[in-house]
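Requesting a structural model of the entry that follows:
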Amino acid sequence: MSARTSKKAPPPPPLAGATDDLTDGDRDALLRWRLALGPEAERVDPRLSLGGLGGGASALHVDPRRLGDLDKALSFIYDERAGNLGGSRPYVPEWLSAVREFFSHDIVALVQKDAIEKRGLTQLLFEPETLPFLEKNVELVATLMSAKGLIPDAARETARQIVREVVEEVRRALESEIRTAVLGALRRNTTSPLRVLRNLDWKRTIRKNLRGWDAERRRLVPDKLYFWANQTRRHEWDVAILVDQSGSMGESVVYSSIMAAIFASLDVLRTRLLFFDTEVVDVTPMLVDPVDVLFTAQLGGGTDINRAVAYAQANFIERPEKTLFILITDLFEGGNAEELLARMRQLADSKVKSICLLALSDSGKPSYDHDMAQKLAALGTPCFGCTPKLLVKVVERLMRGQDLGPLLDAEAR
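Predicted coordinates for the structure are as follows:
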């Protein structure tokens, strides 16, 4: 059914008579328009009935006998006459099952989002019999976190399991890349004076000793061994992550929690994580489990960025020249803006490497306070929307002491 949404429907052909003489293309186009317009279209012209247009179902990869079910699933969310759906509660699990059958994963996520936003189905989607049918993604986790107070006790454990599944999936996708980038940035390019097995540079040793291959014995006899510098030094860098938990930053809270937990698992980094709205919550002790971190978040409320930065200055900044300061916020400041700018200037003057992520999400396209972003950029704090994978590259470049300009310019193109 992904074909229905993957290409734009052509304009509907004129209906001069019966639908029997329509071409396959015209029938396909009319069926798409009929499904988009809903059952009311049949009142305008009976020839727009699903029965008469069923021949176009094959182009949508739908059994013609299931067109009514598809129409019902779409009408549940998009029919303006649906109004208050409070009486439809028993249908929600069946509807979710139908949506998953008819649509591809990305479209399921979109329809699910529309169900929550257009029809106010948030509370219904927390019911125990409904949760297993949901498309599990970061956006769903953000929704669960923003309304977790509505989750009944009977569904709480199921909701937590969904959050854990998404967190583990994202962590698996990012962890290896983060470890490689961070450890690679901290490696020395010279051989190590500490000649122990854990520091052996296997790849370089093999490459440099290929002439020592003994074909008869099928073994490599190296002339020289090469070692990395000792990689066991703890806390070579401090990473301070401050996350705005106002309602618009849901996805950013999810991704920052997972990435902070990965950073915290690396001995070479000392990672601190702070959530803030008008209050600040230091969740650093919980970084062993990002799920616990997420259930601590309180999405929604006001924003006092200055207060969060003040807390970080007093508690997180011990080695300014070896500190990455990652502020994640849309910069709509409800606190003292002038004092915030003064604090960010102090961080820059002390050689802290600071960046402001206007969003940390899959799209990386934020809505933000442009004026404040320009002022921070003028102080030496780059402000940009960011995806998780881009943040990995940014952290690596900052640790290497490289300019972020070329990387951000390439991403912007």
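
Quick one: low-confidence residue ranges for the stretch 151-300 of the chain.
Scanning the stretch 151-300 of the chain for pLDDT under 70 picks out 188-199, 227-233.

rerun that using 90 as the cut-off
For the stretch 151-300 of the chain, applying pLDDT under 90 flags the ranges 151-159, 180, 183-236, 246-248, 250, 297-300.

so where do the helices sit in it?
153-186, 202-208, 250-264, 290-296 (DSSP state H, counting those that start in this stretch).

Could I get those helices in TSV, plus columns for distance to E135 and mean neighbour count?
Glycine gets a C-beta too; all of them are placed from N, C-alpha and C. Below are the helices of the stretch 151-300 of the chain laid out as TSV (distance: least, CB to CB, whole Å; neighbours: other CB atoms under 10 Å):
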stretch	distance to E135	mean neighbour count
helix 153-186	10	16
helix 202-208	41	13
helix 250-264	15	25
helix 290-296	18	20
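
of those helices, which approaches F133 most closely?
Among the helices of the stretch 151-300 of the chain, helix 153-186 comes nearest to F133, with 10.9 Å by CB to CB.

before we move on, the earlier item: can you say which of the helices of the stretch 151-300 of the chain is nearest to E396?
Per CB to CB, nearest to E396 of these: helix 153-186, 4.0 Å.

Doesn't L324 belong to a strand?
Yes. Inclusion of L324 in a strand is indicated when DSSP: H, G, I helix; E, B strand; the rest coil is applied.

Use 36 as the first number from now on
That works, and once the first residue is 36, the last one we named lands at L359.

Could you find the closest non-adjacent residue to it?
In space, and not counting its chain neighbours, L359 is closest to V274: 4.8 Å by CB to CB, 6 or more residues apart in numbering.

residues contacting that neighbour?
A295, F298, L304, R305, T306, R307, T358, L359, I361, V430 (CB atoms under 8 Å, 6 or more residues apart in numbering).

What segments of this protein are strands?
248-249, 254-255, 272-279, 304-311, 315-317, 358-363, 388-395, 418-421 (DSSP state E).

Partner strands of the last one, with direction?
What it means is strand 418-421. With DSSP bridges as the test, strand 418-421 is paired with strand 388-395 (parallel).

any residues touching the partner strand, and which ones?
Against strand 388-395 from outside (CB under 8 Å, 6+ apart): 284, 286-287, 290-291, 294, 358-366, 379, 382-383, 400-401, 403, 408, 411, 415-423, 426, 429, 433, 439.

Now do it and helix 285-299, the angle between them.
140 degrees (axes from the mean of the first three to the mean of the last three CA atoms, to 10 degrees).

mean confidence score for strand 388-395?
Over the span of strand 388-395, the pLDDT mean works out to 97.

how far does it sit from the chain's center?
In terms of CA atoms, centre = their mean, to the nearest Å, the centre of strand 388-395 is set 15 Å apart from its chain centre.

any idea of the pLDDT on G155?
With respect to pLDDT, G155 has a value of 69.

wait, S110
At S110, pLDDT is 79.

what's the neighbour count on it?
16 (other CB atoms under 10 Å).

who's F310 bridged to?
V278, V316.

OK, contacts around it?
V278, Q280, V288, V316, V318, T331, A332, Q333.

what do you get if the cut-off is 10 Å, keeping everything else the same?
F310 sits next to 276-280, 284, 288, 291-292, 316-318, 328, 331-334, 343, 363 when contact means CB atoms under 10 Å, 6 or more residues apart in numbering.

And it, how far from A347?
12 Å (CB to CB, to the nearest Å).

W68 now?
Distance from W68 to A347, by CB to CB: 55 Å.

neighbour count winner among the two?
It is A347, of W68 and A347, that has more neighbours when counted by other CB under 10 Å, with 24 against 17.

so what pLDDT did that one get?
98.

Pull out the buried members of the contacts of V274.
A295, F298, L304, R305, T306, R307, T358, L359, I361, V430 (16 or more other CB atoms under 10 Å).

Hmm, I361 and the third one touching each other?
No. In this structure, L304 is not within contact of I361 by CB atoms under 10 Å, at 12.0 Å.

any shared contact partners between those two?
V274, F298, V430.

Tell me which residues touch T364, please.
277-281, 283-284, 287, 311, 338, 340, 343-344, 391-394, 401, 403-404, 407, 418.

repeat for G369
Applying CB under 10 Å, 6+ apart, the residues near G369 are S281, D312, T313, G336, G337, T338, D339, I340, N341, R342.

let's see 7 Å
T313, G337, T338, D339 (CB atoms under 7 Å, 6 or more residues apart in numbering).

quick one, domains of this protein?
Domain assignment for the chain, taken from automatic domain parsing, gives 37-170, 223-255, 272-435.

Tell me which of the ones you listed approaches E204 most closely.
Across the domains of the chain, closest to E204 is domain 272-435 (CB to CB), at 9.8 Å.

What separates the first and last residues of stretch 175-186, distance-wise?
One end of stretch 175-186 to the other measures 13 Å (CA to CA, to the nearest Å).

in it, what's buried?
Buried residues in stretch 175-186 (16+ other CB under 10 Å): L175, V176, A177, T178, L179, M180, S181, A182, K183, I186.

cool, stretch 350-366 as well?
Buried, per 16+ other CB under 10 Å, within stretch 350-366: F351, I352, P355, T358, L359, F360, I361, L362, I363, T364, D365, L366.

what's the answer for stretch 362-382, then?
362-366, 368, 370, 372, 375-376, 378-380, 382.
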